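Trainee: No sequence on hand, only this structure:
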């Protein structure tokens with residue numbers, strides 16, 4: 001079998017998945033490259049980077065890349081970013097050359113636009129998206145919310161080959177050992193590598209990993225920290241929040257940006273927040289193992305998709321760390337009963353739950369074992385990759401039987 005994987009933007013899990021697929025089939029991964037300023041350039045050596053053409057602000061495949069795609073003639077195509085213009089093009093080219101298609105559903109809500117022209121284009125695009133989800137040989141939703149989006153919002157009904165499975169994580173990468181450390185040792189190693197004060201070792205670390213954007217709940221997080229400060233919880237239980245220092249705070253909400261920059265600056269000055277510098281990709285597991293608590297306060301969004309299948313949730317479970325996260329988007333499907341879920345968009349609810357966790361920290365320690373077990377048994381990237389292969393083989397077998405009738 002010859003498998004082509006297409007993803008507009010590259011993340012580490014794509015490469016981990018590719019390595020597993022390559023063990024059972026000839027596989028190539030086409031991508032435009034890493035998203036934004038994420039430090040994933042090292043993974044480009046494993047894939048086939050393609051140079052997009054920008055049309056009306058949208059990235060599409062160049063004629064040369066379309067030719068490369070067709071010339072390679074894959075038997076099966078796995079498509080991420082299926083609702084992008086490039087993803088739609090890949091789907092229809094795959095059908096044109098007779099390849100079996102496996103489409104990943106990442107969205108979980110319809111995006112509403114203000115511009116009249118863009119809304120008109122979007123309506124046309126939605127017709128194509130429905131066609132893709134209806135006619136793809138296999139459909140895999142990243143979450144139950146994504147499946148609900150397909151069935152109830154797009155009104156696409158499928159009777160077979162429609163599954164729910166988060167995209168998985170390289171569990172092995174996040175395991176601590178004698179060399180990489182965990183707990184206090186991990187904290188010592190991380191503080192030294194980041195050139196931060198060793199006085200922080202004695203504190204309880206509550207870490208946020210990722211971009212401090214509105215959709216990730218950055219404003220909710222900062223407001224909840226203020227509440228905990230006013231209640232004297234942070235001082236009493238010797239807590240400190242670790243937030244990324246180079247993240248563009250609320251870059252998706254400029255009307256709130258300056259307000260929260262001032263709030264954040266005050267919390268940093270008072271010592272309740274530490275802004276950590278950029279961390280090399282190979283050091284990220286050390287941050288997870290250093291954290292006493294990982295917080296993921298993603299918003300439930302009304303007019304677009306909420307957090308789809310966040311890597312932070314997957315990686316936290318793989319590291320066996322304690323996760324406090326919002327009940328939003330694809331997070332509940334990842335976490336199950338292996339973490340603490342809170343009401344989204346509610347800084348008061350987040351502060352209340354965080355206070356309960358730090359007050360009764362020992363009570364929540366059993367979740368670490370549950371997190372690790374869930375990652376190994378349900379979320380390992382190898383399991384995910386073999387699920388894709390198994391689904392494709394089943395669809396191909398059925399198609400052959402139908403053609404032989």
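Mentor: Nice, I can see it. These numbers come from a predicted model, not from an experiment. Numbering: from 1, shown residues only.

Trainee: Where is the longest helix in the chain?
Mentor: helix 381-404 (DSSP state H).

Trainee: Now it: buried residues?
Mentor: 381, 382, 384, 385, 388, 389, 391, 392, 395, 396 (16 or more other Cβ atoms under 10 Å). Quick note: C-beta positions are derived from backbone N, CA and C, even for glycine.

Trainee: Could I get those residues in a markdown table, plus columns for pLDDT and distance to residue 267?
Mentor: A markdown table is the format used below for those (pLDDT from 0 to 100; distance: Cβ to Cβ, whole Å):
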| residue | pLDDT | distance to residue 267 |
| --- | --- | --- |
| 381 | 97 | 36 |
| 382 | 95 | 41 |
| 384 | 97 | 38 |
| 385 | 96 | 42 |
| 388 | 96 | 43 |
| 389 | 95 | 48 |
| 391 | 95 | 47 |
| 392 | 95 | 49 |
| 395 | 92 | 52 |
| 396 | 89 | 55 |
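
Trainee: How about residue 357: what's its closest non-neighbour residue?
Mentor: Nearest residue to residue 357 in three dimensions, chain neighbours excluded: residue 364, at 5.6 Å (Cβ to Cβ, 6 or more residues apart in numbering).

Trainee: Backbone dihedrals for that neighbour, please?
Mentor: phi -90, psi 0 (degrees, to the nearest 10).

Trainee: residue boundaries of the helices in the stretch 201-350 of the chain?
Mentor: 218-230, 233-236, 254-269, 284-290, 311-318, 331-335, 347-359 (DSSP state H, counting those that start in this stretch).

Trainee: out of those helices, which comes closest to residue 84?
Mentor: helix 311-318 (19.0 Å; Cβ to Cβ).

Trainee: list the helices and strands that closest one packs on?
Mentor: When contacts are defined as 3 or more Cβ pairs under 8 Å, 6 or more residues apart in numbering; DSSP states H and E, helix 311-318 packs onto helix 12-21, helix 284-290, strand 293-296, strand 323-326, helix 331-335, helix 366-378.

Trainee: got the buried residues for the helix or strand hosting residue 130?
Mentor: Following DSSP states H and E, one finds residue 130 within helix 116-135. Neighbour-count burial for helix 116-135, with 16+ other Cβ under 10 Å as criterion, is recorded at 125, 129, 132, 133.

Trainee: Report pLDDT for the third one.
Mentor: What the model reports for residue 132 is a pLDDT of 97.

Trainee: What of the first one?
Mentor: Among the per-residue scores, residue 125 holds a pLDDT of 87.

Trainee: Check the second one too.
Mentor: According to the model's per-residue confidence, residue 129 sits at a pLDDT of 95.

Trainee: Which of the three states applies to the residue nearest to it when sequence neighbours are not counted?
Mentor: What sits nearest to residue 129 in space, not counting adjacent residues and going by Cβ to Cβ, 6+ apart, is residue 83, at 5.3 Å. Using DSSP: H, G, I helix; E, B strand; the rest coil, the structure places residue 83 in coil.

Trainee: Tell me how many other residues crowd residue 83.
Mentor: Burial measure for residue 83: 18 neighbouring residues, criterion other Cβ atoms under 10 Å.

Trainee: now residue 230
Mentor: Residue 230 has 10 neighbouring residues, counting by other Cβ under 10 Å.

Trainee: Likewise for residue 47?
Mentor: 18.

Trainee: ok, and the closest non-adjacent residue to it?
Mentor: Nearest to residue 47 is residue 29, by Cβ to Cβ, 6+ apart, at 4.2 Å.

Trainee: Can you name the helix or strand that the one you found falls in?
Mentor: strand 26-31.

Trainee: who does that strand pair up with?
Mentor: strand 2-7 (parallel), strand 48-49 (parallel) (DSSP bridges).

Trainee: from the middle of its chain, how far away would the longest one be?
Mentor: When you say that, I think you mean strand 2-7. Computed by Cα atoms, centre = their mean, to the nearest Å, the chain-centroid distance of strand 2-7 equals 20 Å.

Trainee: OK, contacts around the nearest residue in space to residue 240 that is not next to it in sequence?
Mentor: Once flanking residues are discounted, residue 240 sits nearest to residue 203: 4.6 Å by Cβ to Cβ, 6+ apart. Counting by Cβ atoms under 8 Å, 6 or more residues apart in numbering, residue 203 touches 238, 239, 240.
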